[in-house]
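Asker: Sequence and predicted structure are below.
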Amino acid sequence: MKLGIVVVYLVAEENEKLLDLHFSQVEKHTKVPYTIYAGVKQLSPKIRLKVEQHPRVKICEIPETSLHLVEEHSFYLEYLVKKAVEDGVSHIVTLHVDSFPICSGWAEALAGRLSESCVFATPFYGAYTACLFFQRDFYLKYQPTFLLTEDQRASMKYKQFCKGFGHIPHSGIGYIFRAYSEGVSWYPLAESNKGDARFGFFNIIYEDLFFHLGSAAFPEHKPPNSTSFMPLRKGVWKHFWAPILRILLLTKTQQKLLGVKRLIMPRHLMSWGWKQIGVPFFLRPIFWEARKQLLEDPESYLNYLRMGKR
């Protein structure tokens, strides 16, 4: 196996330690030959230099784009994947700066999930590109895109797809729809936390192979998803419900009560909510508490999430 790891590095300076952890975990647990194909737009000079100096990183100078948010991220990923394919990698995986392997042999294990009829592996729901793992041959045969085109969204096939698969419009949903359209399957990576997973957004262990913190690409003074401020019914969400819910969730006791087990919500309802408001801003205190515990003692915290014991 020759693995291409594709990452768009959106890293604020306060997340430098998270970047270091990402690099160290990839190096520690990846036993096959690999290259990290890195997108480095929007980095401070200090963080960019750190990424450039990593011995396994290949900087890819991505063309300028007027796109923003999820469309911009997908544009970068499209470019990086093409570069990896041109380099002759046999397998490709997308990661985020806050997603990384936690078990040696993770790449071999994911490769073993794939076949001619099961063409990629990705988290069952949500941050699909936190670990989207596929073979070069799949990419060349089906030419998937990370987002859906307007024609695809308007098609009858997509309407049928929506009835059977509640989803959110993240990068990677285009791969799932392509597989659905071609009559092949994908391997849904299941959450395997034994320690707490907050709302299904943060602290997720998948298949006991890799970890995703969630929403860490955004600095402290910005919301985890800019659509968090999208007005719902002329600002009712932002100006009325969001502040109330944020206050209700601020205390550690309430966070613990709500975070002991994953909040159960039908996927179609969550899909609708995500399209309307993004990741709600009132969840930010939970995210920062999770990030703090992770960076204070990564090994202990990851073991807790995996095993449920301190």
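Answerer: Received the coordinates, thanks. Values in this document were obtained by computation on a predicted structure and should not be read as measured data. Residues are numbered from 1 along each chain as shown.
Asker: And stretch 10-17, end to end?
Answerer: Distance across stretch 10-17, first residue to last, is 13 Å (Cα to Cα, to the nearest Å).
Asker: ugh, wrong one, stretch 130-146
Answerer: By Cα to Cα, the extent of stretch 130-146 from end to end equals 13 Å.
Asker: Now do it: distance to the chain's middle.
Answerer: Relative to the centre of its chain, stretch 130-146 is centred 16 Å away, using Cα atoms, centre = their mean, to the nearest Å.
Asker: Show residues contacting it.
Answerer: With Cβ atoms under 8 Å, 6 or more residues apart in numbering as the test, stretch 130-146 has contacts from 74, 77-78, 81, 85, 88-96, 99, 107, 110-111, 113-114, 119-123, 129, 171-175, 178-179, 182, 189, 206, 210, 212, 214. (Each C-beta comes from the backbone N, C-alpha and C, glycine too.)
Asker: Among those residues, name the buried ones.
Answerer: Burial by neighbour count, 16 or more other Cβ atoms under 10 Å: within those this picks out 74, 77-78, 81, 89, 91-96, 99, 107, 110-111, 114, 119-123, 129, 171-175, 178-179, 189, 206, 210, 212, 214.
Asker: Go through these and flag which are in helices.
Answerer: Within the buried ones among the contacts of stretch 130-146, residues falling in helices by DSSP state H are 74, 77-78, 81, 107, 110-111, 173-175, 178-179.
Asker: Of those residues, which is the nearest to residue 44?
Answerer: Nearest to residue 44 out of these is residue 77 (Cβ to Cβ; 21.5 Å).
Asker: Could you list which residues are in contact with that closest one?
Answerer: Per Cβ under 8 Å, 6+ apart, neighbours of residue 77: 6, 8, 39, 94, 129, 146, 171.
Asker: Among those residues, which are located in strands?
Answerer: 6, 8, 39, 94 (DSSP state E).
Asker: Poorly predicted segments of the stretch 101-250 of the chain, please.
Answerer: 197-201, 217-250 (pLDDT under 70).
Asker: what about the helices in it?
Answerer: Here the stretch 101-250 of the chain has its helices, by DSSP state H, counting those that start in this stretch, at 106-111, 136-142, 150-153, 156-164, 173-182, 236, 242-248.
Asker: and the angle for the longest one with helix 156-164?
Answerer: For helix 173-182 against helix 156-164, the angle by axes from the mean of the first three to the mean of the last three Cα atoms, to 10 degrees is 110 degrees.
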